[in-house]
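K.L.:
Next come a sequence and a model predicted from it.
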Amino acid sequence: MTSYDKKTIQDLIDGTLPWPATKSIMSSYKDDDRFETYLQILQERVPWSEQILLPIGEHLYIVQAAHGRVVKCDCGHEFGDYRENWKLNALVRVRGDRESIEEIYPGRYACDPEWMELREFMCPGCYTLLEVEAAPPGFPVVFDFLPDLEAFYRDWLKRPLPEQA
C-alpha cells in the first residue's frame, strides 16, 4: 500500500494536486496514518491549541476544549457542544425573495421563493460562509451530522478518544 508524505496530503487538502494524482489517491486504499496526518496539517493551520478530534466542514471542527467537546471555526469562534446544532449559534442570512435567489441562481436555475429559501450560515467571529441550506420556508434548521466519536476512534482509528476534561 502506498503511503503519502505530508506535502502530498497538504496539496490534496488545498486542491492543488493534478487531477490524475488526486484521483489515484481517492481511488486507492488509505494509508494507515492518513487521518493522523490530515489532523496534524489542520491543527498546524489553526491559531488555537485545542486538539482537533474530527473536522466536520471546510472550516469547522469538533475539538477537545477544557470545558468539553465543542464545534469550533478556523478563527477560534466556538459554537457550543458538538451534540447540538452549531447552526443555531451562527449568523444566518435568508434569501427568500426572487431577486436575492437569482443573485446566486440566475434565470431558470432559481427556485420558486414560495417553495424554497436559501439559508446562509456564517461564523460570528470571522464572517466566513460555513454552509448553505435550501429548504421550504419555515422548515426547521437541518442538523447535518452527529458523529459517534467514541465508535469512530475505537472501531476505525483503533485508539482511544482523548478524555474530556
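P.N.:
Noted; the coordinates are in hand.
K.L.:
Now find how far off-centre stretch 12-22 is within its chain.
P.N.:
19 Å (C-alpha atoms, centre = their mean, to the nearest Å).
K.L.:
swap in stretch 39-55?
P.N.:
For stretch 39-55 - counting by C-alpha atoms, centre = their mean - the centre lies 13 Å from the chain centre.
K.L.:
Run through who's touching the helix or strand bottoming out on mean pLDDT in the chain.
P.N.:
Between all helices and strands in the chain, the lowest mean by mean pLDDT, DSSP states H and E belongs to helix 98-104, at a mean of 77. Judged by C-beta atoms under 8 Å, 6 or more residues apart in numbering, the contacts made with helix 98-104 from elsewhere in the structure are 95, 110-111, 113, 116-118. Bear in mind the C-beta positions are built from the backbone N, C-alpha and C, glycine included.
K.L.:
average model confidence for the strand or helix carrying Tyr38?
P.N.:
The secondary structure element spanning Tyr38 is helix 34-45 (assigned by DSSP states H and E). Throughout helix 34-45, pLDDT has a mean value of 94.
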